[in-house]
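J.: compute the structure for the input listed below.
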Amino acid sequence: MIRGDLTLRALAGETEEMRELQRVLEEAPTYAQRITGLPPGKADAQSTYSALPEGKSYDDKFVFGIFRGTEMVGCADLIRGYPRPATAMLGLLLVSERHQHQGIGRLAYAFLEQFVQGWGVCDRIRVGVVRTNKQVIPFWTQLGFAATGELRPYRYASVTSEIVVFEKPLPDAPFPPGASTASSRASLS
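T.: Okay, here's the model as predicted:
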């Protein structure tokens, strides 16, 4: 998906992609500090690429690079059908700190929403925000996400907090909330 000079591309786990993904994650130390209490780790790209929730397979996991021209400036991680079959879980949408506040995150989210709608099986997108990263809540609410009232405990290294769950219904959802459908696969360039 391309708009202007911004592109969203599915990553295949190739060596150069992983190197660029790691660089992007390292260029967002404030995020890492807020949610882990630590600077970015040397294996964050591998963790982002391989982490799966229980009961899901790699057929349902999509990791994207967000590119401005040829430079990866951000990344995203999506899980199809989690925690319910009609829900897409956005595990991460991150833009390198030097590229933040330029509308990249908003446009990348629009690409992701379009991608999820292309599956034809999800009626909503879900995101969890760790309270220690509450500064991003206005970003999500401006995109149309609303708190579900669901809170989950969160602990990583020295950070003890909770996750606030937000959801956004997709426009023209293909079926009623809670419906179950067969899985389909879509791809991006």
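
J.: from here on, just use CA atoms for contacts and neighbour counts.
T.: OK.

J.: helices along the chain, start to end?
T.: For the chain, helices defined by DSSP state H occupy the ranges 15-26, 29-36, 44-50, 104-119, 137-142.

J.: could you dump those helices to JSON lines with distance to P153?
T.: JSON lines is the format used below for the helices of the chain (distance: least, C-alpha to C-alpha, whole Å):
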{"stretch": "helix 15-26", "distance to P153": "24"}
{"stretch": "helix 29-36", "distance to P153": "13"}
{"stretch": "helix 44-50", "distance to P153": "20"}
{"stretch": "helix 104-119", "distance to P153": "26"}
{"stretch": "helix 137-142", "distance to P153": "17"}
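
J.: touching, F111 and A10? I think so.
T.: No. Taking contacts as C-alpha atoms under 8 Å, F111 lies outside contact range of A10: 11.6 Å.

J.: look at these two and report which has more neighbours.
T.: Using other C-alpha atoms under 10 Å as the criterion, F111 and A10 rank with F111 on top: 20 against 17.

J.: list the contacts of G105.
T.: Counting by C-alpha atoms under 8 Å, 6 or more residues apart in numbering, G105 touches 93-95.

J.: out of the residues you listed, which is nearest to R124?
T.: L93 (16.3 Å; C-alpha to C-alpha).

J.: any idea how far that closest one lies from G69?
T.: 19 Å (C-alpha to C-alpha, to the nearest Å).

J.: same deal with S96?
T.: Per C-alpha to C-alpha, S96 is found 15 Å from G69.

J.: need the pLDDT of the residue positioned nearest the centre of the chain.
T.: Central residue of the chain (C-alpha atoms, centre = their mean): L92, 3.0 Å from the mean position. Per-residue pLDDT puts L92 at 98.

J.: wait, isn't it in contact with A76?
T.: Yes. Here L92 reaches A76: they are 5.0 Å apart, a contact under C-alpha under 8 Å.

J.: so for stretch 12-19, what gets flagged as buried?
T.: Neighbour-count burial for stretch 12-19, counted by 16 or more other C-alpha atoms under 10 Å, picks out 17-18.

J.: what residues does that stretch touch?
T.: With contact meaning C-alpha under 8 Å, 6+ apart, stretch 12-19 is reached by 11, 45-46, 49.
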